[in-house]
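Asker: Just to be clear, the model below is a prediction. Sequence and coordinates:
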Amino acid sequence: MTWTNLGDSGFRIIRDGKLFFESPIQESAYNTPFQFNNMEGCATHRPEHADHGAYQLMDGDIIVIATDGLYDNVAIDEIISILCRGCSDFDQAATSLMSQARQHMEDRTRETPWSRRASMHKKRDVKGGKADDIICIVCRIIFLS
């Protein structure tokens, strides 16, 4: 698999029930992701700013491609748990992940990846999930013999 990614949406490769790789978040500053933009006063990034790479996929690898609305609200161990519960139906797995992200997004007391990152950046009074768009695609790699 060859990949290119810009910003804070991205993908995760799950192999043998564990996180194998996650695309890095690209930010100009805390909570200011790289993005293609032509609005006045906003940073504009170009395709050459994107991260890129290649991985040899293995039979059974699961790839989750999603916006930060998923990754800011659902921890990777919870993502893996949901995927393992619905390993045969990836449409349902994607729906479950988005539903979980939505629930966490609306919970103002829950510790989320978003609230943990805010604490690491010394932001006070950031609790719960982060309201954002949630798009998620889940697929499994199957090599045909």
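Answerer: It's in.

Asker: In contact with residue 38, which residues?
Answerer: Neighbour list for residue 38: residue 44 [criterion: C-beta atoms under 8 Å, 6 or more residues apart in numbering]. C-beta here means a position set from N, CA and C on the backbone, and glycine is covered the same way.

Asker: so it sits in a helix?
Answerer: No - per DSSP: H, G, I helix; E, B strand; the rest coil, residue 38 lies outside any helix segment and is coil.

Asker: For residue 29, see how far away it is.
Answerer: Using C-beta to C-beta, to the nearest Å, residue 38 is found at 20 Å from residue 29.

Asker: Name the next helix or strand downstream of the helix or strand harbouring residue 80, please.
Answerer: Taking DSSP states H and E as the criterion, the element that holds residue 80 is helix 76-85. Next along the chain after helix 76-85, taking DSSP H and E as the criterion, comes helix 90-106.

Asker: elements contacting that next one?
Answerer: Packing contacts for helix 90-106, counted by 3 or more C-beta pairs under 8 Å, 6 or more residues apart in numbering; DSSP states H and E, involve helix 68-71, helix 76-85, strand 136-140.
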